[in-house]
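Chemist: how does the following fold in three dimensions:
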Amino acid sequence: MTSAISARGLRKSFGSQTVLDAIDFDVDEGSVFALLGPNGAGKTTAVHILSTLMPADAGTAIIGGHNVATEAGAVRAIIGLTGQFAAVDGLLTGEENLLLMARLRHLGSAAGRRRVDALLDQFDLTASARKPLATYSGGMRRRLDLAMTLVGDPRVIFLDEPTTGLDPRSRQTMWNIVRELVGRGVTIFLTTQYLDEADELASNIAVLDGGRVVASGSPDELKRRIPGGHVLLTFASADAQAAASTLLNVPADSDVANAALSLRVPIASDEVGTVREVLARLDGSAIALEGLSIHTPDLDDVFFALTGNSATAHPATTEAAS
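Modeler: Numbering: from 1, shown residues only. Reported below is the predicted structural model:
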């Protein structure tokens, strides 16, 4: 696939503190790319560099074929940015905010009006379009903020923690909007503190820690790198549990509810093969099995395994580079 965003050797320091230390990544066109990392890891700094708000100290970034450092105007023409906080004018209505953005984008009166009406409908804001922003919920403000980003019909959108503070319903609404945008070929660069959000939306993830990309790949690829997957077996009697423990050479599980009747069988690499082998051995022994479930590492496990305790390792740069 063609890269919508390509970064090579990006570096950025604030005083003596290195925030980005020669990071590399590529983002395919029409995909969601998630940048994960603890507070202060440099996620927002990366977004600010890529969106031309801040120069890098070294390295190269290309967006839509344009160099971020030397062709900033061309880059700005094809990107949109929704930051951590809704950048809307609280003295205007939702409709007025969008019309202002349309004028700033030089759309013209008729074209701007059509674009604003379409966005109000797309983001379910038509009924509240002429109400003051003081009456808007947090989710409505975030939707309006994203709608304003889309006035110029950008090909690449940076979403910096777009659902922070939203309730579950509003988060789902934002997720659906992101999926619709990607379905239309828009590229999304996402930073988020919600690992389930990255798992749900992103086709590719980079984990940033200590200023470096410590791992990258699809959510499934990252999960497979972390040990801890297991088959959980439950039994109707302690005798069956004890017999299975001896047969499978695994200890009784002490970390789950009703632990005396449970066993964990580690999954090495072949999940299906492990399950088949366990069932075949139990069937051959006539041990009564009450239940079976498969547990695999999630992105939380990946995050903690790759970043360790570094969530508090960069306090000096938390505000500037979170």
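Chemist: count of neighbours near A46?
Modeler: 30 (other CB atoms under 10 Å). C-beta coordinates here come from the backbone N, C-alpha and C atoms, glycine included.
Chemist: what strand or helix carries it?
Modeler: Here A46, judged by DSSP states H and E, is contained in helix 43-50.
Chemist: now that helix: mean pLDDT?
Modeler: Throughout helix 43-50, pLDDT has a mean value of 92.
Chemist: what of stretch 196-207?
Modeler: Averaging pLDDT along stretch 196-207 yields 91.
Chemist: name the residues of it that come out as buried.
Modeler: If you call a residue buried by 16 or more other CB atoms under 10 Å, then stretch 196-207 has these buried ones: E197, A198, D199, E200, L201, A202, N204, I205, A206, V207.
Chemist: for the fourth one, helix, strand, or coil?
Modeler: Taken by DSSP: H, G, I helix; E, B strand; the rest coil, the conformation at E200 corresponds to helix.
Chemist: run through the residues that contact it.
Modeler: Residues near E200 by CB atoms under 8 Å, 6 or more residues apart in numbering: W175.
Chemist: L247 now?
Modeler: Contacts here follow CB under 8 Å, 6+ apart; on that basis L247 touches R281, L282, S285, I287.
Chemist: helix or strand: which one has it?
Modeler: According to DSSP H and E, L247 maps onto helix 238-248.
Chemist: need the next SSE after that helix, C-terminal direction.
Modeler: With elements assigned by DSSP H and E, the helix or strand that comes after helix 238-248 is strand 262-266.
Chemist: the stretch 201-322 of the chain: helices as residue ranges?
Modeler: All helices of the stretch 201-322 of the chain, identified by DSSP state H, counting those that start in this stretch, fall at 219-224, 238-248, 271-285, 299-307, 318-321.
Chemist: which strands or helices does the fourth one pack on?
Modeler: It refers to helix 299-307. Contact partners of helix 299-307 among helices and strands, from 3 or more CB pairs under 8 Å, 6 or more residues apart in numbering; DSSP states H and E: helix 195-201, strand 204-209, strand 212-217, helix 219-224.
Chemist: could I get the ones you listed in CSV, plus columns for distance to S262?
Modeler: Listed next are the helices and strands packed on helix 299-307 as CSV, based on distance: least, CB to CB, whole Å:
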stretch, distance to S262
helix 195-201, 26
strand 204-209, 32
strand 212-217, 31
helix 219-224, 23
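Chemist: of all the ones you listed, which lies closest to S31?
Modeler: Closest to S31 of these is strand 204-209 (CB to CB; 6.6 Å).
Chemist: for this structure, give me the ranges with low pLDDT.
Modeler: For the chain, applying pLDDT under 70 flags the ranges 1, 84-86, 228, 253-260, 268-271, 308-322.
Chemist: care to break it down by domain?
Modeler: 3-224+302-321, 230-296 (automatic domain parsing).
Chemist: just name the most buried of those domains.
Modeler: Highest mean neighbour count of these: domain 3-224+302-321, a mean of 18 (counted as mean count of other CB atoms under 10 Å).
Chemist: nearest to F123, of the helices of the stretch 201-322 of the chain?
Modeler: Closest approach to F123 among these (CB to CB): helix 219-224, 27.1 Å.
Chemist: and that closest one, what does it pack against?
Modeler: Secondary-structure packing of helix 219-224 (3+ CB pairs under 8 Å, 6+ apart): strand 204-209, helix 299-307.
Chemist: output the ones you listed as CSV; include the columns distance to A58.
Modeler: Formatted as CSV, these follow (distance: least, CB to CB, whole Å):
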stretch, distance to A58
strand 204-209, 17
helix 299-307, 24
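Chemist: nearest to R179, of the ones you listed?
Modeler: Closest among the helices and strands packed on helix 219-224, using CB to CB: strand 204-209, at 15.6 Å.
Chemist: run through who's touching the closest one.
Modeler: Here strand 204-209 makes contact (CB under 8 Å, 6+ apart) with 23, 25, 27-28, 31-38, 41-43, 46, 198, 213-219, 222, 299, 302-303, 306-308, 310.
Chemist: partner strands of that strand, with direction?
Modeler: Strand 204-209 sits in its sheet next to strand 32-36 (parallel), strand 212-217 (antiparallel), going by DSSP bridges.
Chemist: related to what we said a few turns ago, closest one to A102 out of the buried residues of stretch 196-207, please.
Modeler: Distance to A102 across these (CB to CB) is lowest for L201, with 27.8 Å.
Chemist: wait, that closest one touches V32, no?
Modeler: Yes - with contact defined as CB atoms under 8 Å, L201 reaches V32; the gap is 4.8 Å.
Chemist: so which residue is dead centre in the protein?
Modeler: The residue lying closest to the centre of the chain (CA atoms, centre = their mean) is A198, at 2.8 Å.
Chemist: nearest spatial neighbour of that one, chain-adjacent residues omitted?
Modeler: Nearest non-adjacent residue to A198, counting by CB to CB, 6 or more residues apart in numbering: A34, 3.9 Å away.
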